[in-house]
Every structure is written in structure tokens, then in C-alpha cells.
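Student: Attaching a predicted model along with its sequence, questions to come.
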Amino acid sequence: MTTEHADPGHGHSPAAWTAVVIMLVAFTIGTVAFFFELEWLVWASAGLLVVGVLVGWVLAKAGYGVGGAKSSVSSH
């Protein structure tokens with residue numbers, strides 16, 4: 001019996017990493033801004049969070065997502 005299973009590769013792509021990094025930066029900025037009661041910066045960081053999602057989606061559609069033409073396959 002084999003214990004090998006198919007790994008869908010979820011999140012192992014340049015598109016996913018770029019989106020996550022942008023969203024982590026946005027969340028960090030928003031948290032600090034909330035602490036210092038900078039309402040405009042909290043909302044700006046919320047906008048940056050949406051930008052992170054859109055960047056990930058655009059990069060995935062451009063071939064940098066999991067199984068995309070421009071992303072390299074790596075074995076674990």
C-alpha cells in the first residue's frame with residue numbers, strides 16, 4: 001500500500017506568494033494604523049488588501065499561478 005497522495009500545489013506559485021506578501025504588509029500597516037488611531041491609513045491598508053487579491057488573480061491569469069505556463073514545477 002502506498003502512502004503517496006496527489007499534492008494539488010495550492011499556494012506554491014509566484015502569484016500566490018506575491019498576493020500573500022502584499023496582503024501581509026497591508027494587514028501589518030492596518031494594525032499599526034489602528035493602534036495609532038489613523039483612520040485614513042486603516043482604510044488605505046484595507047484598499048491595499050484588495051489590491052493584493054487582485055494582483056494574485058491577475059498573475060494567476062497571466063500564467064504565474066499553480067500549473068501556469070510561466071511557473072516552474074518543483075518537487076518537495
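Tutor: Ah, there it is.
Student: Pass me the low-pLDDT residue ranges in this structure, would you?
Tutor: Flagging of the chain using pLDDT under 70 yields the residue ranges 1-10, 73-76.
Student: rerun at 90
Tutor: For the chain, applying pLDDT under 90 flags the ranges 1-12, 65-76.
Student: Do a quick rundown of the helices in the protein.
Tutor: 14-35, 39-59 (DSSP state H).
Student: Select, out of these, the one closest to S71.
Tutor: Minimum separation from S71 across these (C-beta to C-beta) falls at helix 14-35, 6.0 Å. To be clear about C-beta, it is placed using only N, CA and C from the backbone, and glycine gets the same treatment.
Student: Between helix 39-59 and the closest one, find me the angle.
Tutor: In this structure, helix 14-35 runs at an angle of 170 degrees to helix 39-59, with axes from the mean of the first three to the mean of the last three C-alpha atoms, to 10 degrees as the basis.
Student: which outside residues touch helix 14-35?
Tutor: Among residues not part of helix 14-35, those counted as contacts by C-beta atoms under 8 Å, 6 or more residues apart in numbering are 10-11, 39, 41-42, 44-46, 48-49, 51-53, 55-57, 59-60, 62, 64-66, 68, 70-71.
Student: Buried residues of that helix, list them for me.
Tutor: P14, A15, A16, T18, A19, I22, M23, A26, I29, G30, A33 (16 or more other C-beta atoms under 10 Å).
Student: Same question for stretch 60-76.
Tutor: Of the residues in stretch 60-76, those buried (16+ other C-beta under 10 Å) are A60, Y64, G65, V66, G68, S71.
Student: ok, G56 - how many residues close by?
Tutor: 23 (other C-beta atoms under 10 Å).
Student: Nearest residue to it in space, please, no chain neighbours.
Tutor: Distances taken as C-beta to C-beta, 6 or more residues apart in numbering place A19 nearest to G56, at 2.7 Å, with adjacent residues excluded.
Student: go on, V53?
Tutor: Spatially, and ignoring its direct neighbours in sequence, V53 is nearest to A19 (6.4 Å; C-beta to C-beta, 6+ apart).
Student: what's the answer for A15, then?
Tutor: Excluding its sequence neighbours, the residue lying closest to A15 (C-beta to C-beta, 6+ apart) is L59, at 3.6 Å.
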